[in-house]
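# Sharing a sequence plus its predicted fold:
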Amino acid sequence: MTYNFKVIEEKWQKYWQDNQTFRAIQKSDKPKFYCLEMFPYPSGKLHMGHVRNYAIADVVARYKWMRQFNVLHPIGFDAFGQPAENAAIKNKSQPSTWTYACIDLMRQEMRKLGFSYDWQREVVTCDANYYKWNQWIFLRMFERGLAYKKPASVNWCSSCATTLANEEVISGKCWRCDNEVEQKELEQWFLKITEYKDRLLEDLKLLKGWPQRVIAMQENWIGKSQGVEIYFKIEGVDEIITVFTTRVDTIFGATYIVLAPEHPIISNIKNPCLAGRQEISNIKEVDKYIQKTKKESKEERTDLVKEKTGVQLKGVFAINPVNGDRIPIYLADYVLMEYGTGAIMAVPAHDQRDFLFAKKYKLSIKIVIRNTQYAIRNTEELTEAFEGDGIQVNSGQFDGLDNNKAKVEIAKWMEEKKIGKRTTHYRLRDWLISRQRYWGTPIPIIYCQKCGIVPVADSDLPVRLPEKVKFSAKEFVDVPCPKCKAKAHRDTDTMATFIDSSWYFLRFCSPCFDKGPFEKEEVKYWMPIDQYIGGIEHAILHLLYSRFFTKFLKDLGLVDTVEPFNRLLTQGMVLKDGAVMSKSKGNVIDPDSVISKYGADTLRLFILFSAPPEAELEYNERAIEGSWRFLNRVWNLATQLSDVSCQMSDKKQNIELQRIVHRTIKKVTQDFEEFKFNTAISAIMELVNEIYKKFTINSLQCTVCKEAVRVVVLLLSPIVPHICEEMWQMLGEKPPISTANWPVFEEAFIKTEILTIIIQIDGKLRSKIEAGVNIPDEEIKKMALNDEKIQKWIAGKRVKEVILVKHKLVNVVTQ
RNA sequence: GGGCGGAUGGCGGAAUUGGCAGACGCGUAUGGCUUAGGACCAUAUGGGGAGACCCUUGGAGGUUCAAAUCCUCUUCCGCCCACCA
């Protein structure tokens, strides 16, 4: 007999909804628990990745409910973005129509999976009541100079017809459409995330509940590197080239300088009026190289396989400030204007790139760090650069010093002589947020001929999106200047959608609040998020931006916490036949098809059982059947017990089962605390197997057995809530099980009097003995040696030593 | 090049202050039930060997009474970043 999941699942979904079982209570004496998953983009269809994400979060939330926490578990929709625009064009409708239709579909799918959301708190980012506060936060940043407009060379995706943030460019390609990203000169809005760079880096230390690799990725992205800026004079020209290096210990070995082809100093050197008596003799060749570089895409330019090329500025020389050496200046496309100072000093003896470049252009190589492992007498012997640590040579007064000590000493000395300065460089750039798209938050700025950039007044928020996609709609663009009332026009760009997701978790605390982005007291109560769950693909973008926003709002005095996400779990991908499920591979399994065949509970159980949450999950139809089978096994136990009254207590006979029950509660509780759902489920399966083993249908009628099944149902309920609600009721308990008390284990039941002791000989298992807990160690050793099998093994051998691990094993060591 | 993670049966995966390797599930085999198939139930299931036993956690060494677990070297795989100065 199999259970009717269709009827049961619908019944309890309706029950939870009608009774508002999962509504978060605002004030409570219980400790709070804010559980959140990364909210979805409303594509209209849930995929397996979503289901996995939300199933994990749902187990956490439901478990915390049962542990009697005051739980906040909300959901919403990240509703702005490009797919809605494309769909609108395709269907000749409006992005909003399409988006809201998709939201309805997704909401239904989520309900069908039985997730324990507080639906009253749903947040939709394309609602003016939400994006109004994007604009409000933007204006607060604008007032503080943290939102600013500047012309910049920006990443441009021609297929999406919009700009992209650095974080949205994945190896030279658009994160969304994989199109090659170009560089374009545009005037755009930026958020000064770099103002928070040190705090964003420093506070990573506070995130004890984050996976190491996400922390590493963020550190990497911020990219702090400490070093020295060195000033090189140009011979005969009143110009200075500043380079940045982390290896100031090699400065005496700098034998040439390389500039990025875009470096502004080049035009100054080229200008004969400024350049004085210096002239670049190969000016045509230099210009040609600059033009060639300009034409290259970033992808082509940063191709690692490509041999490095460059061109010398002939006739012009720089002076190495530490030793007065006259060194040539090159342009090369591998030096990037965006990083460091756009100029490097080249030390071919101690940098492999420089070494190859110097060999190619026959530039001089000078050893300044001696390899203590392998002595090299002259530079001709060098086959590659020596990048390791060693002793300073050819470095003036620093000769003989350990190079790491020299790094400090040389930097100090250069600062004294004013030829260098210790500085820190970062990889992190300000966040470009202007998007040339319709379906997003309008930037609340007006441009007036007289007053320039004028912010929209708070009282005029929200700046609503015009109803029709027609972007240049006059009624939207043409507005009077808020300051002087003269004719002016609005910014027609919208904000990057990552703004929406940078603070939505705060909005959930008071979703209907209309006097600010959120109610301070509510946020104070609920934040920080105790558990955040989502995909690793957001390790940099979303998580970094959210941390930035939280810190900014903390500075405004609106939130108390420094970091928004206390603990983070990044769930693994869902695979089919070893590959990530994707439309192009044609290996997508629609969760809906599984639900209609086996029900939501089976799908949830399968997902949580088949792999630990962080690991990849291979979808396997057969394994789904296994989950289905298990639920039916439990169902049959509950069915058989439902009709019997449990008068006859047979406790004594079932102490062993009692022990297993309590051991299982202990194990499952520990596993839930550590998100080891797969092993928690196997422990429950073992208990179910035990129940089946010990009792025939006739002797099922006993209290201990019913108690055991009751515990199974409780332990399983966060994972498979529908069937457990039904069984709970069948067992004569009052619904809902969802908020019932989590079972408690008693050590007294778990303890045993008789232990199994392993006996090894020379570390290999040879026998086992049963022994009482209180038998003294010496006695145990004797028992082990007298064991029949052991006697056989040690016959004719000398026993050298007997090692005893209390209550566990005896190891007999022979000669 | 840098960083992080991984490698355990036919498969997904258990086991970490070092102490029974392979829990649980899938698959497979045999039996029961069934007209039959499915479903269900029971038993078995790392490899070798007739057996006593031996071998086995990517590979090679080491530490230890004892190693999947710790150390050294090495191979392969995955992810992230990267001409980063």
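Thanks, I have it.
# and A:D500, what does it touch?
A:D500 sits next to A:D78, A:A79, A:F80, A:T125, A:Y130, A:Y131, A:N134, A:T441 when contact means CB atoms under 8 Å, 6 or more residues apart in numbering. No exception for glycine: its C-beta is placed from N, CA and C like everyone else's.
# I'd like to know the average pLDDT value across stretch A:499-515.
Computed over stretch A:499-515, the mean pLDDT rounds to 97.
# right, I mislabeled it, should have said stretch A:524-535
Mean pLDDT, stretch A:524-535: 95.
# swap in stretch A:285-299?
For stretch A:285-299, the mean pLDDT works out to 84.
# do stretch A:634-643 as well
Average pLDDT, stretch A:634-643: 85.
# Need the contact partners of it.
Stretch A:634-643 is contacted by residues A:1-3, A:688, A:691-692, A:697, A:700, A:705-706, A:709, A:712-713, A:716, A:723, A:727, A:730-732 when judged by CB under 8 Å, 6+ apart.
# Ok, stretch A:59-71 next?
Counting by CB under 8 Å, 6+ apart, residues outside stretch A:59-71 touching it are A:22, A:24-25, A:28, A:30-35, A:73, A:116, A:531, A:533, A:608, A:672, A:675, A:677, A:714, A:717-719, A:721, A:738-742.
# 7 Å instead?
Defining contact as CB atoms under 7 Å, 6 or more residues apart in numbering, one finds that stretch A:59-71 is touched by A:24-25, A:28, A:30-33, A:35, A:73, A:116, A:531, A:608, A:672, A:677, A:717-719, A:721, A:738-742.
# Mind giving me the PyMOL select for these, buried ones only?
Only the buried entries of the contacts of stretch A:59-71 go into this PyMOL selection, using 16 or more other CB atoms under 10 Å:
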select buried, chain A and resi 24+32+33+35+73+116+531+608+672+677+717+718+719+721+738+740+742
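# Could you find the residue in the stretch 1-150 of chain A that comes nearest to RNA strand B?
Nearest to RNA strand B, among the residues of the stretch 1-150 of chain A, is A:T2, at 6.6 Å (CB to the nearest atom of the strand).
# The closest residue to that residue other than its chain neighbours: neighbour count?
Spatial nearest neighbour of A:T2, chain neighbours left out: A:N632 (5.2 Å); criterion: CB to CB, 6 or more residues apart in numbering. Residues near A:N632, counting by other CB atoms under 10 Å, number 17.
# Okay, A:N632 and RNA strand B: tell me how far apart.
According to CB to the nearest atom of the strand, to the nearest Å, A:N632 stands 6 Å off from RNA strand B.
# Then that residue would be within a helix, right?
Yes. The assignment for A:N632 is a helix, going by DSSP: H, G, I helix; E, B strand; the rest coil.
# Can you pull the phi/psi pair for the most centrally placed residue in chain A?
Nearest to the mean C-alpha position of chain A, counting by CA atoms, centre = their mean, stands A:A539 at 2.5 Å. Dihedral pair for A:A539: phi -50, psi -30, per degrees, to the nearest 10.
# OK, contacts around it?
Going by CB under 7 Å, 6+ apart, A:A539 touches A:V214, A:M217.
# any idea of the pLDDT on it?
Reported pLDDT at A:A539 in the predicted model: 84.
# Next: A:Q701.
We have a pLDDT of 56 for A:Q701.
# Kindly report the same for the one 3 residues further on.
Looking at A:V704, its pLDDT reads 79.
# Surely it is in contact with A:Q658?
Yes. When contacts are counted by CB atoms under 7 Å, A:V704 is listed as touching A:Q658 (6.2 Å).
# quick one: which of those two has more around it?
Using other CB under 10 Å, the more surrounded residue of A:V704 and A:Q658 is A:V704, with 22 against 18.
# can I get the CA coordinates of the helix or strand where the more buried one lies in PDB?
Using DSSP states H and E, A:V704 sits within helix A:703-716. Provided in PDB are the C-alpha atoms of helix A:703-716 (Å, rounded to 0.1, in the frame of the first residue of the first chain):
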ATOM      1  CA  THR A 703       3.900   1.500  24.000                       C
ATOM      2  CA  VAL A 704       7.600   1.600  23.200                       C
ATOM      3  CA  CYS A 705       7.000   0.900  19.600                       C
ATOM      4  CA  LYS A 706       4.500   3.600  19.200                       C
ATOM      5  CA  GLU A 707       6.800   5.900  21.000                       C
ATOM      6  CA  ALA A 708       9.600   5.000  18.600                       C
ATOM      7  CA  VAL A 709       7.400   5.700  15.600                       C
ATOM      8  CA  ARG A 710       6.300   9.000  17.200                       C
ATOM      9  CA  VAL A 711      10.000  10.000  17.400                       C
ATOM     10  CA  VAL A 712      10.600   9.000  13.800                       C
ATOM     11  CA  VAL A 713       7.800  11.200  12.700                       C
ATOM     12  CA  LEU A 714       9.000  14.200  14.700                       C
ATOM     13  CA  LEU A 715      12.600  13.800  13.500                       C
ATOM     14  CA  LEU A 716      11.500  13.500   9.900                       C
END
